[in-house]
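Peer 1: just to be clear, the model below is a prediction. Sequence and coordinates:
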Amino acid sequence: MSLREPLRHRSFRWLLAGRTGAELANAIAPVALAFAVLDLTGSVVDLGLVVGVRSLANVILLLFGGVLADRLPRAVILQGTGVAAALTQGLIAASVLGGFASIPLLLGLSALNGAVSAMSLPAAASLTPQTVPATLLTPANALARMGANTGRIIGAALGGVLAAGVGAGWAIAVNAVVFLLSAAGYRGVRIVRRVREERSNPLKDLAEGWREFTARSWVWVVVAQFTVVNAVIMGSHAVLGPKVADDTVGRAGWGFVLAAETLGAFVGGVLAARWQPRRALLIGVAVISVEAVPLVVLAELPSLVPLLAAMFLAGIAIEQFVVAWDVSLQENIPEDKLARVYSYDMLGSFIAMPVGEIAAGPLAARFGADVTLLAGALLVLVSTALALCSAQIRSLTRKAAQPASVTGPIPSTDHTPTP
């Protein structure tokens, strides 16, 4: 079996195109927005507030997004959210280019964009099993991740180059156009609509999803791990990284540093598809410790070559986890409850992200950016060690129905390392 097998399915091909376009847009957005805020006020605290309010809106509405994705056609949800994301980004671009951007305006539009993302994330994560047979889940997830990482590689570098060359406003305008193209891609996904025997109320749906989520300790333990990891990574990459980059490697350089991580993830996706150990989740959880390396380099040696190497390595590591995580959920959670479990996963993984983003600026102002980054690296290592204490994580194995070998896969939210 090769990676070409999932591509024989038309709906999967269009899903791959839509997700790749969405990831391209999402990779441009945070880089361009970060420099737009820095150009506007020069304040890392303002930057933390703008990116934090988006994550906060995302967290608040994620569970509702999971309920919708288990009730309505997931491809239709993705088409609508793609158009809505294009509108919010277009308004941000217009405000920057028109000279009437302000922090309150950017806060409001970022919150709207976060709400749109909350509607799309559970649908996108849970749609893959509906487009391919169960035996193709591993190569399908690998291809989806490789497409997403291709979009991230191009988008992160393009965001930095555009922000440095033509300005943050035009970079965000390009971002809006790409969101529209991704929405068009989702129109090609044709899935037979599921017929539910009973129409329960949303609260009952949420309770049912919670039971599925808590029934397996390996699920909530990993989510708890990423509550810490995502807070650290978002505070470091979205807030402290651009500020350190302005003083060291430059804006375009920071775009390439982010792209290096995604390039590593692309290579890691190929590795994850070829090497499929029985205890893939155990290995995936363990290698998250590598995420501490770029934080140490950013604090102690913020030069372009060391940062590129460290982020490339971290990208390889995160991909081993993401592929193992997606396949583990898709193999073990009933399909009609999968989107709700994904929404609880994303809620738990994302809930500390606004805290990390908002707290990073004041912490750096109080203790210094280098101390804050080193403390974050320590938190990543400790949370990973605690997750590995779970017996279910150490013992969970791949389903026998999955192929043993395949040739030749995002916290999710988003350019972040989310499960």
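Peer 2: Sure, I can see it. Residues are numbered from 1 along each chain as shown.
Peer 1: from here on, contacts and neighbour counts on C-alpha atoms
Peer 2: Fine.
Peer 1: I figured Gly253 hits Gly159, correct?
Peer 2: No. Look at Gly253 against Gly159 with C-alpha atoms under 8 Å: they stay out of range, at 10.9 Å.
Peer 1: these two: which has the busier surroundings?
Peer 2: Between Gly253 and Gly159, counted using other C-alpha atoms under 10 Å, the more crowded position is Gly159 (35 against 23).
Peer 1: which element is the closest residue to that one other than its chain neighbours on?
Peer 2: Nearest residue to Gly159 in three dimensions, chain neighbours excluded: Ile28, at 4.4 Å (C-alpha to C-alpha, 6 or more residues apart in numbering). Secondary-structure element containing Ile28, defined by DSSP states H and E: helix 10-40.
Peer 1: in that helix, what's buried?
Peer 2: Residues of helix 10-40 classed as buried by neighbour count (16 or more other C-alpha atoms under 10 Å): 11-38, 40.
Peer 1: would you tell me what the next helix or strand after it is?
Peer 2: Later in the chain than helix 10-40, the nearest helix or strand by DSSP H and E is helix 44-71.
Peer 1: now that next one and helix 10-40, what's the angle there?
Peer 2: 160 degrees (axes from the mean of the first three to the mean of the last three C-alpha atoms, to 10 degrees).
Peer 1: quick check: which helices or strands does helix 44-71 pack against?
Peer 2: helix 10-40, helix 103-127, helix 202-214, helix 338-350, helix 353-367 (3 or more C-alpha pairs under 8 Å, 6 or more residues apart in numbering; DSSP states H and E).
Peer 1: ok, Ala224 touching Ser349?
Peer 2: Yes. With contacts counted by C-alpha under 8 Å, Ala224 reaches Ser349, the gap being 6.9 Å.
Peer 1: list the contacts for Phe179?
Peer 2: Contacts were defined as C-alpha atoms under 8 Å, 6 or more residues apart in numbering; by that measure Phe179 touches Gly21, Ala22, Ala25, Gly82, Val83, Ala85, Ala86.
Peer 1: next, count neighbours for the nearest residue to Gly21 once chain neighbours are set aside.
Peer 2: Nearest residue to Gly21, sequence neighbours excluded (C-alpha to C-alpha, 6+ apart): Ser182, at 4.6 Å. Ser182: 28 surrounding residues under other C-alpha under 10 Å.
Peer 1: and Arg211, by the same measure?
Peer 2: 11.
Peer 1: read off the pLDDT value for it.
Peer 2: With respect to pLDDT, Arg211 has a value of 88.
Peer 1: per-residue pLDDT, Leu308?
Peer 2: Confidence score, pLDDT, at Leu308: 93.
Peer 1: what sits against it?
Peer 2: Going by C-alpha under 8 Å, 6+ apart, the list of residues near Leu308 reads Phe256, Val257, Ala260, Glu261.
Peer 1: Ala314 versus that one, what's the distance?
Peer 2: Leu308 sits 10 Å away from Ala314 when distances are taken as C-alpha to C-alpha, to the nearest Å.
Peer 1: can you check which residues contact both of these two?
Peer 2: With C-alpha under 8 Å, 6+ apart, Leu308 and Ala314 have common neighbours Glu261.
Peer 1: sorry, back to before: closest one to Gly151 among the helices and strands packed on helix 44-71?
Peer 2: helix 10-40 (3.9 Å; C-alpha to C-alpha).
Peer 1: checking Val132 next. Helix, strand or coil?
Peer 2: coil (DSSP: H, G, I helix; E, B strand; the rest coil).
Peer 1: right, and it touches Arg10 too?
Peer 2: No. Counting by C-alpha under 8 Å, Val132 stays clear of Arg10, with 9.4 Å between them.
Peer 1: tell me the contacts of the residue nearest to Ser43 when sequence neighbours are not counted?
Peer 2: Spatial nearest neighbour of Ser43, excluding adjacent residues (C-alpha to C-alpha, 6+ apart): Val37 at 7.7 Å. Contacts for Val37 (C-alpha under 8 Å, 6+ apart) come out as Ser43, Asp46, Leu47, Ile103.
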